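Participant: only geometry, no sequence info:
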């Protein structure tokens, strides 16, 4: 995998208002609501001149159309109140449920499909870029990376990628940005549903079908915005270059680690417990942060008490999760 295989998705930087929404219908306080837009992240996370990567930026205002929420959940993806409970529209001018569903069909679902299309066309890693104010456990000088979510809708943590991917990237960031606090799953944002990663990721080292390993980056806006709210051009360029270089080093490190993680399998019949092959493969995967259910793995491998686990099936399964 190279830099060109990275898909950067920026869902919350847009400020365009769809033509179906009249400015006169919006609350008089709408300008204040725009504080919650991820300002300038379309520049902060633009690495195309460095990595030649794929890039998707949702152009519409996230207050009105949230591209990081389930497009089937109208109350979340096309809300009438913002995340703080403040009304978005003037009293009596809220769009109907059918109008909101139509906007989701027109704007949000195609954006989600474009992510799938990019993965199917070769994207092997999703970088989901966001910014935050000093809130939810994120300090002024902090960048928090997340490779899982555990929300009320999740029975257990939902992992977007193996730990080794996000931990390697975090280590590279710390080298390039020693003055910035870089954490992994160190904020309350893990409790927030992120549809882009939840819907399009896989907890594996490489792409599996129309899903790819993914992680979220939350960068505190104090690191790249001036006090008056204008963009700090020097900082934006310093940070984006550090992000791009760290991604490059991460991919190189992962490729090297996978080369030494090859599994040497004999081709003779197993002479131990019939499921020892399953246990061995699961142990290797867990070491690299790939969590696989044992029963599911046994079914995939075709393990039986009579014949154990076919070695070729183990090799194929390991390769499907990104091992070489």
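Facilitator: Thanks, I have the structure now. On a predicted model such as this, the values are computed, not experimentally measured, just so you know.

Participant: List the buried residues in the longest helix along the chain.
Facilitator: Identified as the longest helix of the chain according to DSSP state H is helix 233-259. Under the neighbour-count criterion of 16 or more other CB atoms under 10 Å, helix 233-259 has 236, 239-240, 242-251, 253-254, 258 buried. In short, each C-beta sits where N, CA and C put it, glycine included.

Participant: What of stretch 119-137?
Facilitator: By 16+ other CB under 10 Å, the buried positions in stretch 119-137 come out as 119, 123, 124, 125, 126, 127, 128, 129, 130, 131, 132.

Participant: Run through the residues that contact the third one.
Facilitator: Looking back up the chat, that one is residue 124. Each residue near residue 124 by CB atoms under 8 Å, 6 or more residues apart in numbering is listed here: 1, 5, 6, 206, 207, 212, 213.

Participant: Distance to residue 147 added to the buried residues of stretch 119-137, as TSV?
Facilitator: Output for these, formatted as TSV (distance: CB to CB, whole Å):
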residue	distance to residue 147
119	17
123	17
124	15
125	11
126	11
127	12
128	10
129	14
130	14
131	18
132	17
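
Participant: do you know how far residue 43 is from residue 11?
Facilitator: When distance is defined by CB to CB, to the nearest Å, residue 43 is 15 Å away from residue 11.

Participant: Looking at these two now, which is surrounded by more residues?
Facilitator: Counting neighbours by other CB atoms under 10 Å for residue 43 and for residue 11 shows that residue 11 has the greater number, 26 against 17.

Participant: Not counting its neighbours along the chain, what's nearest the more buried one?
Facilitator: residue 67 (3.9 Å; CB to CB, 6 or more residues apart in numbering).

Participant: Show the model's pLDDT score for the one you found.
Facilitator: Residue 67 is assigned 98 on the pLDDT scale.

Participant: and it, what element?
Facilitator: Per DSSP states H and E, residue 67 falls between elements, in no helix or strand.

Participant: pretty sure it contacts residue 38?
Facilitator: No - contact criterion CB atoms under 8 Å: residue 67 and residue 38 do not qualify, at 11.0 Å.

Participant: what do those two both touch?
Facilitator: Both residue 67 and residue 38 are contacted by 11, 12, under the criterion CB under 8 Å, 6+ apart.

Participant: helices and strands of this protein: which one has the lowest mean pLDDT?
Facilitator: helix 276-287 (a mean of 70; mean pLDDT, DSSP states H and E).

Participant: residues near the residue nearest to residue 11, how many?
Facilitator: By other CB under 10 Å, neighbour count at residue 67 equals 24.

Participant: so how far is residue 44 from it?
Facilitator: 17 Å.

Participant: Please apply the same query to residue 298.
Facilitator: Distance from residue 298 to residue 44, by CB to CB: 45 Å.

Participant: Go through the one helix or strand residue 296 maps to and flag the buried ones.
Facilitator: For residue 296, the enclosing helix or strand under DSSP H and E is helix 294-301. Neighbour counts over helix 294-301 (16+ other CB under 10 Å) mark 297, 298, 300, 301 as buried.
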